[in-house]
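Undergrad: Sharing a sequence plus its predicted fold:
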Amino acid sequence: MVEKARELRVLLPPTLGRSGAEGETEKLREQLGAALELAVSVEVASDYRALAWKTMRGAADVTWAPPQLCHHARERSRRVLRAVRNAGSTTYQAALLVRAGTAQALEALAGKRAAWVSADSTAGYLLARDLLRARGINPDRFFSRECFHGSYRDALLSVVREEDDMCSIYTSRPEPDAVAVSIAEQVGSAGTDLQPLAYTPTSRNDGLVVMQSIDEATAQRVVALLLSDACPPALLATCNAEAFTPDDEQNA
């Protein structure tokens, strides 16, 4: 039997590990706590493996999870909610980025240096490698070097600084303007020299996983808040979402 929650433990991915993260998490803690009338703690995971480990082992009650973790955590969750972006879309894709003028086709990246977010990052690693395989390229032998930087910001900046040659980022649409928005979210004007080289197929959006570590009554309160117009603005901003919607995969 799960005891009634006295504190709601919220776990965020390492991609939040950028300037201003402390202020964002404090706003989130305050707004969620006030809306739910519960004590709320907010933690940023050190990496994606820690995010998955803590989520699957009940060390978090609500996790902002990448698509794969949303899928794997379904059986241990009370509800999975997908982020809604781009005027109602629940899917996204990745764009492979290079510095302007350095490559015109994927094949031109042979022997170059790749900057990835994490081995568990969907848009920052997995989708890009799947695209290479689909083009008949073995990603394990294609690059001269592959580095994991832990966040989109650090991966992008390594390419901007010419320490690496390509990276991958999320985008709502396979269009340069949409990619520019994602780049600006991570590195601001420092990324103006980055441009998309190729786009991957779509993936389901990341989302919020409400785990069985909290009692059903508290879970229902949390879910009702997240699906309502009163969803805390700090949570929407942190997750870069317009709203949340029930996961149709879980409800199938």
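TA: Noted; the coordinates are in hand.
Undergrad: Quick check: which element contains the closest residue in space to Ala65 that isn't next to it in sequence?
TA: Among residues not flanking Ala65 along the chain, Val209 sits closest, at 4.9 Å (C-beta to C-beta, 6 or more residues apart in numbering). Every residue, glycine included, has its C-beta placed from N, CA and C. Per DSSP states H and E: Val209 is located in strand 207-211.
Undergrad: ditto for Tyr170
TA: Going by DSSP H and E, Tyr170 is in strand 166-171.
Undergrad: repeat for Leu28
TA: helix 21-36.
Undergrad: The helix or strand following that helix pairs with which strands?
TA: Reading on from helix 21-36 to the C-terminus, the next helix or strand found by DSSP H and E is strand 39-44. Take DSSP bridges as the rule and strand 39-44 pairs in its sheet with strand 7-12 (parallel).
Undergrad: follow-up on the earlier one: so for the strand holding Val209, mean pLDDT?
TA: What strand 207-211 shows for mean pLDDT is 97.
Undergrad: who's in contact with that strand?
TA: For strand 207-211, contacts defined as C-beta atoms under 8 Å, 6 or more residues apart in numbering pick out 55, 58, 60-65, 67, 69-70, 73, 76-83, 219, 222-223, 226, 239, 244, 247.
Undergrad: Just the buried ones from the residues you listed?
TA: 55, 60-65, 67, 69-70, 73, 77-83, 219, 222-223, 226, 239, 244, 247 (16 or more other C-beta atoms under 10 Å).
Undergrad: Just the ones of the residues you listed in helices?
TA: 55, 67, 69-70, 219, 222-223, 226 (DSSP state H).
Undergrad: quick one: which of those residues is nearest Leu194?
TA: Closest approach to Leu194 among these (C-beta to C-beta): Pro67, at 23.6 Å.
Undergrad: Verify the stated contact: the closest one with Ser203.
TA: Yes: at 5.4 Å, Pro67 counts as touching Ser203 under the criterion of C-beta atoms under 8 Å.
Undergrad: what sits in contact with each of those two?
TA: What both Pro67 and Ser203 touch, as defined by C-beta under 8 Å, 6+ apart, is the set Thr122.
Undergrad: Distance of the residue nearest to Ala65 relative to Leu197?
TA: 33 Å (C-beta to C-beta, to the nearest Å).
Undergrad: Same drill for the two, tell me which one is more crowded.
TA: Neighbours were counted for Val209 and for Leu197 using other C-beta atoms under 10 Å; Val209 has more, 28 against 18.
Undergrad: before we move on, back to that, mind listing what's buried in whatever helix or strand comes next after the strand holding Tyr170?
TA: For strand 166-171, the succeeding helix or strand toward the C-terminus, using DSSP H and E, is helix 176-187. Within helix 176-187, the residues that count as buried by 16+ other C-beta under 10 Å are 178-180, 182-183, 186-187.
Undergrad: what's the neighbour count on Asp140?
TA: For Asp140, the neighbour count with other C-beta under 10 Å is 10.
Undergrad: secondary structure class for it?
TA: helix (DSSP: H, G, I helix; E, B strand; the rest coil).
Undergrad: Now find how far off-centre stretch 150-160 is within its chain.
TA: Distance of stretch 150-160 from its chain centroid, counting by C-alpha atoms, centre = their mean, to the nearest Å, is 15 Å.
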